[in-house]
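Q: Sequence and predicted structure are below.
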Amino acid sequence: MTYQEKKSIVSILSTILITAGYWAYMYPQRPGGGLESAETFRYWGSFVLVLTVISIAAHIVISIAFNIVYRISTGEKEPGFADELDKIIELKSHRNSFLVFILGFMAAMASLVIGQPSQLMFVILIAAGFAADVTGSASKLYHYRRGV
(Lines give C-alpha, C1' and ligand atoms only; values in the text may rest on other atoms or scores of the structure.)
Protein backbone atom coordinates (compact mmCIF):
# COMPACT_ATOMS: atom_id res chain seq x y z
CA MET A 1 0.00 0.00 0.00
CA THR A 2 1.41 3.39 -0.97
CA TYR A 3 1.87 6.42 1.24
CA GLN A 4 -1.07 8.20 -0.41
CA GLU A 5 -3.41 5.24 0.15
CA LYS A 6 -2.46 4.98 3.81
CA LYS A 7 -2.88 8.72 4.25
CA SER A 8 -6.36 8.58 2.67
CA ILE A 9 -7.43 5.75 4.99
CA VAL A 10 -6.15 7.65 8.03
CA SER A 11 -8.00 10.75 6.84
CA ILE A 12 -11.30 8.86 6.44
CA LEU A 13 -11.00 7.24 9.87
CA SER A 14 -10.00 10.48 11.60
CA THR A 15 -12.88 12.38 9.99
CA ILE A 16 -15.35 9.75 11.18
CA LEU A 17 -13.93 9.67 14.71
CA ILE A 18 -13.65 13.46 15.09
CA THR A 19 -17.17 14.13 13.82
CA ALA A 20 -18.79 11.25 15.71
CA GLY A 21 -17.01 12.15 18.93
CA TYR A 22 -17.90 15.82 18.73
CA TRP A 23 -21.48 15.03 17.75
CA ALA A 24 -21.85 12.59 20.66
CA TYR A 25 -20.52 15.23 23.04
CA MET A 26 -22.47 18.25 21.79
CA TYR A 27 -25.79 16.94 20.47
CA PRO A 28 -27.24 16.04 23.91
CA GLN A 29 -26.58 19.65 24.98
CA ARG A 30 -28.89 21.13 22.33
CA PRO A 31 -31.49 23.56 23.62
CA GLY A 32 -34.93 22.14 24.20
CA GLY A 33 -36.87 25.37 23.87
CA GLY A 34 -38.60 26.76 20.81
CA LEU A 35 -37.26 25.61 17.49
CA GLU A 36 -36.59 29.13 16.21
CA SER A 37 -35.23 30.77 19.36
CA ALA A 38 -32.02 32.80 19.47
CA GLU A 39 -30.52 30.18 21.78
CA THR A 40 -31.07 27.51 19.12
CA PHE A 41 -29.29 29.56 16.46
CA ARG A 42 -26.46 30.32 18.89
CA TYR A 43 -26.10 26.62 19.71
CA TRP A 44 -25.96 25.50 16.07
CA GLY A 45 -23.68 28.38 15.08
CA SER A 46 -21.22 27.53 17.83
CA PHE A 47 -21.58 23.82 16.98
CA VAL A 48 -20.45 24.44 13.39
CA LEU A 49 -17.67 26.89 14.28
CA VAL A 50 -16.18 24.78 17.07
CA LEU A 51 -16.44 21.60 14.97
CA THR A 52 -14.56 23.37 12.17
CA VAL A 53 -11.76 24.54 14.47
CA ILE A 54 -11.48 21.19 16.25
CA SER A 55 -11.52 19.32 12.95
CA ILE A 56 -8.76 21.45 11.43
CA ALA A 57 -6.57 21.22 14.53
CA ALA A 58 -7.12 17.48 14.89
CA HIS A 59 -6.37 16.84 11.22
CA ILE A 60 -3.09 18.76 11.54
CA VAL A 61 -2.08 16.80 14.64
CA ILE A 62 -3.11 13.49 13.07
CA SER A 63 -1.22 14.30 9.86
CA ILE A 64 1.95 15.07 11.83
CA ALA A 65 1.54 11.92 13.92
CA PHE A 66 0.90 9.85 10.78
CA ASN A 67 4.07 11.16 9.13
CA ILE A 68 6.12 10.39 12.24
CA VAL A 69 4.72 6.87 12.56
CA TYR A 70 5.10 6.26 8.82
CA ARG A 71 8.72 7.36 8.86
CA ILE A 72 9.55 5.26 11.94
CA SER A 73 7.78 2.16 10.63
CA THR A 74 9.01 2.27 7.03
CA GLY A 75 12.15 4.37 7.21
CA GLU A 76 10.89 6.41 4.25
CA LYS A 77 10.16 10.12 4.10
CA GLU A 78 6.91 11.61 2.94
CA PRO A 79 7.06 12.11 -0.84
CA GLY A 80 8.35 15.63 -1.41
CA PHE A 81 6.87 16.10 -4.85
CA ALA A 82 3.61 15.57 -6.70
CA ASP A 83 3.66 14.32 -10.25
CA GLU A 84 0.91 14.77 -12.84
CA LEU A 85 -0.99 11.71 -11.61
CA ASP A 86 -1.04 13.08 -8.05
CA LYS A 87 -2.33 16.42 -9.30
CA ILE A 88 -5.08 14.81 -11.41
CA ILE A 89 -6.18 12.63 -8.50
CA GLU A 90 -6.21 15.66 -6.20
CA LEU A 91 -8.36 17.63 -8.66
CA LYS A 92 -10.82 14.74 -9.12
CA SER A 93 -11.15 14.24 -5.38
CA HIS A 94 -11.77 17.97 -4.86
CA ARG A 95 -14.39 17.91 -7.62
CA ASN A 96 -16.21 14.99 -5.99
CA SER A 97 -15.99 16.56 -2.56
CA PHE A 98 -17.34 19.91 -3.77
CA LEU A 99 -20.17 18.19 -5.63
CA VAL A 100 -21.28 16.36 -2.49
CA PHE A 101 -21.14 19.55 -0.42
CA ILE A 102 -23.07 21.58 -3.00
CA LEU A 103 -25.78 18.91 -3.18
CA GLY A 104 -25.98 18.96 0.63
CA PHE A 105 -26.12 22.77 0.65
CA MET A 106 -28.96 22.70 -1.87
CA ALA A 107 -30.79 20.12 0.26
CA ALA A 108 -30.34 22.34 3.33
CA MET A 109 -31.79 25.33 1.50
CA ALA A 110 -34.64 23.18 0.14
CA SER A 111 -35.48 22.16 3.70
CA LEU A 112 -36.04 25.83 4.53
CA VAL A 113 -38.11 26.38 1.40
CA ILE A 114 -40.50 23.54 2.26
CA GLY A 115 -40.97 24.89 5.77
CA GLN A 116 -38.82 22.55 7.86
CA PRO A 117 -37.27 23.82 11.11
CA SER A 118 -33.96 25.63 10.84
CA GLN A 119 -32.35 22.93 12.99
CA LEU A 120 -32.74 20.51 10.09
CA MET A 121 -30.87 22.92 7.84
CA PHE A 122 -27.91 22.93 10.24
CA VAL A 123 -27.94 19.14 10.56
CA ILE A 124 -27.97 18.78 6.76
CA LEU A 125 -25.10 21.27 6.39
CA ILE A 126 -23.01 19.45 8.99
CA ALA A 127 -23.78 16.09 7.37
CA ALA A 128 -22.89 17.53 3.95
CA GLY A 129 -19.54 18.77 5.23
CA PHE A 130 -18.83 15.38 6.77
CA ALA A 131 -19.89 13.52 3.63
CA ALA A 132 -17.82 15.86 1.45
CA ASP A 133 -14.70 15.27 3.55
CA VAL A 134 -15.14 11.49 3.48
CA THR A 135 -15.95 11.56 -0.25
CA GLY A 136 -12.77 13.50 -1.02
CA SER A 137 -10.57 11.06 0.88
CA ALA A 138 -12.40 8.03 -0.49
CA SER A 139 -12.01 9.41 -4.03
CA LYS A 140 -8.27 9.75 -3.52
CA LEU A 141 -8.07 6.19 -2.21
CA TYR A 142 -10.14 4.90 -5.12
CA HIS A 143 -8.08 6.67 -7.78
CA TYR A 144 -4.74 5.66 -6.27
CA ARG A 145 -5.87 2.04 -6.24
CA ARG A 146 -7.76 1.88 -9.55
CA GLY A 147 -6.08 4.62 -11.54
CA VAL A 148 -7.55 7.66 -13.21
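A: Perfect, thanks for sending it.

Q: Name the nearest residue to Phe47, sequence neighbours excluded.
A: Using CB to CB, 6 or more residues apart in numbering and skipping residues adjacent in sequence, the residue nearest Phe47 is Met26, 5.6 Å away. Every C-beta, even on glycine, is put in place using the N, C-alpha and C of the backbone.

Q: so the one you found, which of the three states?
A: Using DSSP: H, G, I helix; E, B strand; the rest coil, the structure places Met26 in helix.

Q: pretty sure it contacts Leu49?
A: No - look at Met26 against Leu49 with CB atoms under 8 Å: they stay out of range, at 11.6 Å.

Q: Looking only at neighbour counts, state which of those two leads.
A: Using other CB atoms under 10 Å as the criterion, Met26 and Leu49 rank with Met26 on top: 15 against 10.

Q: any idea how far the more buried one lies from Lys7?
A: Between Met26 and Lys7 the distance, using CB to CB, to the nearest Å, works out to 28 Å.

Q: thinking again about what came up before, how near is the residue nearest to Phe47 to Ile54?
A: The spacing between Met26 and Ile54, counted by CB to CB, is 10 Å.

Q: same check, this time on Gln29
A: Note on Gln29: its distance to Ile54, by CB to CB, is 15 Å.

Q: Can you show me the helices along the protein?
A: Counting by DSSP state H, residue ranges of the helices within the chain are 3-26, 38-74, 84-113, 118-146.

Q: Buried deepest among these, which one?
A: helix 118-146 (a mean of 19; mean count of other CB atoms under 10 Å).

Q: and that helix, what's its mean pLDDT?
A: Within the predicted structure, the mean pLDDT of helix 118-146 is 92.

Q: With that, I have no additional questions.
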